[in-house]
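Peer 1: Sequence first, predicted model second:
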Amino acid sequence: MVEQSLEFCNIVKSFPGVKALKGISFRAEGGRICALMGENGAGKSTLLKILSGDIQPDEGCLKINGEEHHFLSPHQSIKSSVSVIYQERQLVPSLSVMENIFLEDMPVGKLGFINMTELRSKTQEILDTFGLPIAPTDTVGWLSVAYQQMVEIMKAYRRDSNIIAFDEPTAPLTDKEITILFSLIKKLKEKGKVILYVSHRMAEIFQISDDIVVLKDGSLVKTLLTSQTNEGELVKAMVGRDIGDTYANLKRNDKIGDVLLEVNNLVTDYVDNVSFKLHKGEVLGFAGLIGAGRTEVMRAIFGADPIRSGEIRLEGKPVRFKSPSEAVASGIALCPEDRKEQGLVLKRSITDNVSIPVLSKVKKGLFLSRKTENDMAMNAVRKYSIKTPSADKQVMQLSGGNQQKVILGRWTSEKMATKILILDEPTKGIDVGTKAEVYQMVCDFAKQGIGVIFISSELTEVLNVCDNIIVMHNRHITGMLTREEATEELVLQLAMKD
Amino acid sequence: MEKSNRLKKILASKEFSLFILLVIVVAFYGVASPNGSFLKTRNIRSILDSMTIYTLFAVGGGLVIISGKIDLSPSYVGAVCGVLLAKLLDQGLPWYLVVPICLAVGAAFGLLNAVLINEFNIQSFIATLTTGTFIAQGLVYLIPAGVTYQIKDPVVIWYSTGKIFGFIPITMVISILIIVIFGIVLAKTKFGRSVYLIGGNANAARLAGLKPKKLSYIIFAYSGALGALAGMLYAGRLKSGSLVGTVSYGFPAVTAAILGGISLGGGTGNMLGCFLGLLIINSFNNGLMLMGLKPYWQTVASGVLLLIALTIDYFSTRERKIKLTGSI
Amino acid sequence: MIRNFLVKKVVRNNNFTLVLTLFVVLFVFQMINKNYLSLGNIRNILNQAFVMGTLSVGIGCLLICGKADLSSGAIGMMGGLIVTFLLNWGVPWPLAVLITLCAGAVMGSLNAFFTNVLNIMPFIATLGVSSVIAGLGQVFTNLQDIPIYNKSFWVLGSKNFFSTLPLPFLITMVLLLAYGIILKRTRFGRQIYMTGGNASAARLAGINPKKISTILYINSGAIATIAGILTASRMQTGSPTAVLSYNLDAITVGVLGGISFTGGTGSMSGVFIGILLFNSFKNGLVIAGLDSYYQPVASGILLIAALILDFYRERSRLKALRAHEKLG
């Protein structure tokens, strides 16, 4: 058996406004499982996308068994015996399980027709290996997410590639499937394949991996042997940036007022039984893994998703918003995680984006007052030092950090009179300098008596900016901690608690 | 400093390049048309006059496109309202009842489109095509049931064919008023701004407190009502309810709107550009006729102009994209 | 247990509902008029069906791939004209047919260029191409029909088998069968479903979505000319207005037959039943003594009903999925 190996050589990749990978080099050996760890935005997914040929690096190359490769398309990557299992499942919902598994490589007979019997029996073989109770002819769109994920994994398994990368494969799985998956990964390892494994779940990493590569802000921080390390060291490597000054200089609000928002037993299609309180001038953090249901809680409160049952009280009065416009009228503001898709109208100017929620208030008679609007926008530009020559600039021409400031400007104008500000991953995809500015803004909002809800998957951020922290896991709240009690280990435990 | 900046902005704007294009078309025909007949006052009036019906469809169609959807039904709705107008007048109803009824029928078609699009998630293209080419087209035949109704109502004939100072057609005044009013509404009012915002990103607009669904109903109702108005003016000019009606006017009107910088996908464009687009297409077609080319070339020309407009749109947005992301 | 499962599968199958509807339609109209299912009338129905049927093969493949085509009607019309010109120049008919097919492929590649190279929305790009081709057809013919003198060519459109099955419809059936097999049983066919169902997944699996849709646009152009050739042969004339209006009907029968507009679903067997359903319904209305003017309205309602059904089917799928999730 030839010894397999995969080497990343000085990979550099930039996106507009962010340098996603700053020269990553490491080597993964066949017959070992190499775990990639790091916070969100550390660059793991970008690295996998480069491996699959989905995107191309600006510099650097891949070496497979010592041979240099530059993948220009997914096709080339597959041809070189590489399979990447994405976090976002890449399935065709309208097709059957067997067609999805053999997507690009269906067995054909002499006349060029697909050999259905062979297709079915081959698929059945794979299904038997996995021991799953689904049929080859089941339509994928009708399967549960857990089974869909398994189909995605079987797709890569079927290719029998020499290099297989898993991106958070266990996120939608239940314990039963996880056991199946792990025994399978171990089998693949015995076959001498190179396996990359990305996950946020500590326990898993220690259970399955041999090596651990820790990434952070696009750089490689540390390479560890799993057998010679522990959770503590790993967490430290993941978060241990020079954070001292950023947080120490933060001017925090120390006067927390009355209860502003009270949520009791909230149930929607996506979350179960959520209760919490938010006070005036408080920064309330929501920690947890991606998909824990934090965003969904906020969307329900904001009137964007329907509520099944439960009670919401705003300043003591029961409310239930049927649409976001009602929530906005009551002084609630939401900065969504996906700025480009849900936050901004990219084609329009800064002015247009800032004045959306208060259009009725910038009217003079029948018409909008361009001057009032412009003053509002210029105010935001000055207050948050948005880098732009004028307020007429299209928002799509700004960097990520400046775009985030435009949204903050929208919700914190005098005319808006925001009472509650919900920030969903406000620092995602923005550079370190701007992050510090955002933290100070959050504290300033609190000083003005605004209740701030701060959702973030970056632990250090939540621990240092928020007054109180709520941790969610799998649609539930699993714990509430004060700033004093909270430690990274404690939050991580709650976020992964089953 | 301020002044030179503004000048620069004007020179770089899409409207300015449209204006140049218009000047080129006019100059070309001015020289090339036999005896310079293209630039005679009568011919210019006839160009403007031929724009009337197109303008009404382009305003409604443009409004819908800015909001991120498309409406292909108004020209058929116009045909329905044309025959409806003739029939109701023939049955002795007074014009001040008939005209609002027809407008309401047009708006109702718009609302039907909005229901299909917003409540049943049907793509606007297929939904409006169905209500237009099947339902409205069918009603065009069903309403008169084989009879051609003549329009004799003096008021309807007056506003459809009359001329102010014996020179400017009233219909032309109506259509220019409509495009000016909608131009101002789009540029200056909350409603107009909202149309741009939901066209640019309906999801973000909703989360920022607008109501995209409600707006969509209003926009489609306007589009339907404008189609009805166009159909009524057309019927009034012919002094009868025609079975063909305004059907062939819809596509060139949408072409003009797109040529005028109202890009598919929503969120951009304005009525000034739309007006220039209309002027260019109508001058172009008028010129073709003066040069003695068969009228069939107009169908070809509107297709070619549409494809050119889309290609220009592609290249102008691509440049911006490249600047932003370094790739497409 | 197993039988139970089979029954469930058959019932959930889209074609089952369609066949059931078809039988109800046939039964009801037969009750109304005893001549409905006579050999002569069946031949009538099939003769009305072959144009949209042929077009729907090419258009159906594109819809499954997630693309639209509004130019097939115009390409078919042009195909009829080209074959007419060639025959009247004395070209033997097999060669004339072959050249026409190639011309269709070239016209189809125009669509591919605008949608895949310039990334223009398929709907609007093919609409533009359609307008250009339809206009050119009018220009070439002066809007006059051109008689065909080649008698051996007439056979194509006039031959009947068993006095009920016209040759053109037989050709339609052969095409449906051939493409049905390609879609279901070949790699390329499955790649069409993948591209329509999830273009990003297809790309990451090493398939080039643009290549697939390019092939399909060229294919659709060639198939459209078959419809044109058959129509020309049947009418014994080349007409600049033939085939054009069947484009929408072809989309309608595709959607009726279960092809969803978002792509990735549907089959040629569904399209076949859709063709039969649509045409027997239309014909039945006439046979039942209703004014032919009701036809478009009724077809429109039929199409809207199919689209709404599609919406509910998708919603129930999502609901079932979510319920599943909570349990799991």
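Peer 2: Here it is on my side, so go on. Since the model is a prediction, treat every value here as computed from it, not as a measurement.
Peer 1: where does the spatially most central residue of chain C land in three-state SS?
Peer 2: Among the residues of chain C, the one closest to the centroid is C:Ser56, at 0.8 Å (CA atoms, centre = their mean). When classified by DSSP: H, G, I helix; E, B strand; the rest coil, C:Ser56 comes out as helix.
Peer 1: how close does the residue nearest to it when sequence neighbours are not counted sit to A:Lys193?
Peer 2: Using CB to CB, 6 or more residues apart in numbering or on different chains and skipping residues adjacent in sequence, the residue nearest C:Ser56 is C:Ala250, 4.1 Å away. C-beta coordinates here come from the backbone N, C-alpha and C atoms, glycine included. Using CB to CB, to the nearest Å, C:Ala250 is found at 50 Å from A:Lys193.
Peer 1: and the two? which has more neighbours close in?
Peer 2: C:Ala250 (32 against 22; other CB atoms under 10 Å in any protein chain shown).
Peer 1: Which secondary structure state is assigned to that one?
Peer 2: C:Ala250 ends up helix, using three-state DSSP.
Peer 1: Surely the residue nearest to the centre of chain C touches C:Val255?
Peer 2: No - taking contacts as CB atoms under 8 Å, C:Ser56 lies outside contact range of C:Val255: 10.0 Å.
Peer 1: Now the common contact residues for those two.
Peer 2: C:Gly274 (CB atoms under 8 Å, 6 or more residues apart in numbering or on different chains).
Peer 1: quick revisit: from chain B, how far out is the residue nearest to C:Ser56?
Peer 2: 13 Å (CB to the nearest CB, to the nearest Å).
Peer 1: Residue ranges in the stretch 151-300 of chain C under the pLDDT threshold?
Peer 2: Scanning the stretch 151-300 of chain C for pLDDT under 70 picks out no residues.
Peer 1: Please enumerate the helices of it.
Peer 2: Listed in chain order, the helices of the stretch 151-300 of chain C (DSSP state H, counting those that start in this stretch) span residues C:151-158, C:167-185, C:187-197, C:199-204, C:209-235, C:246-256, C:268-287, C:294-327.
Peer 1: quick one: buried residues of the last one?
Peer 2: Buried residues in helix C:294-327, defined by neighbour count with 16 or more other CB atoms under 10 Å in any protein chain shown: C:294-300, C:302-304, C:306-307, C:309-311, C:321.
Peer 1: One more: the fourth one?
Peer 2: Along helix C:199-204, these residues count as buried under the neighbour rule (16+ other CB under 10 Å): C:Ala199, C:Ala201, C:Ala202, C:Arg203, C:Leu204.
Peer 1: How about the contacts made by C:Leu170?
Peer 2: C:Phe161.
Peer 1: can we see that at 10 Å?
Peer 2: Neighbour list for C:Leu170: C:Leu46, C:Phe50, C:Lys159, C:Asn160, C:Phe161 [criterion: CB atoms under 10 Å, 6 or more residues apart in numbering or on different chains].
Peer 1: what do you get for A:Glu39?
Peer 2: Residues in contact with A:Glu39, defined by CB under 10 Å, 6+ apart, are A:200, A:214-217, A:238-239, A:241, A:456-461.
Peer 1: hmm, 6 Å instead?
Peer 2: A:Glu458 (CB atoms under 6 Å, 6 or more residues apart in numbering or on different chains).
Peer 1: Ok, the one 4 residues further on next?
Peer 2: Each residue near A:Gly43 by CB under 6 Å, 6+ apart is listed here: A:Ala20, A:Leu21, A:Leu215, A:Gly218.
Peer 1: which of those tops the neighbour count?
Peer 2: Among these, A:Leu21 has the most neighbours (other CB under 10 Å), with 28 neighbours.
Peer 1: What pLDDT does the model give that one?
Peer 2: We have a pLDDT of 87 for A:Leu21.
Peer 1: Three-state assignment for it, please.
Peer 2: strand.
Peer 1: Skipping its backbone neighbours, what lies nearest it in space?
Peer 2: A:Lys13 (4.3 Å).
Peer 1: pretty sure the one you found contacts A:Ala20?
Peer 2: Yes - here A:Lys13 reaches A:Ala20: they are 5.0 Å apart, a contact under CB atoms under 6 Å.
Peer 1: Give the residues shared as contacts by those two.
Peer 2: A:Thr46.
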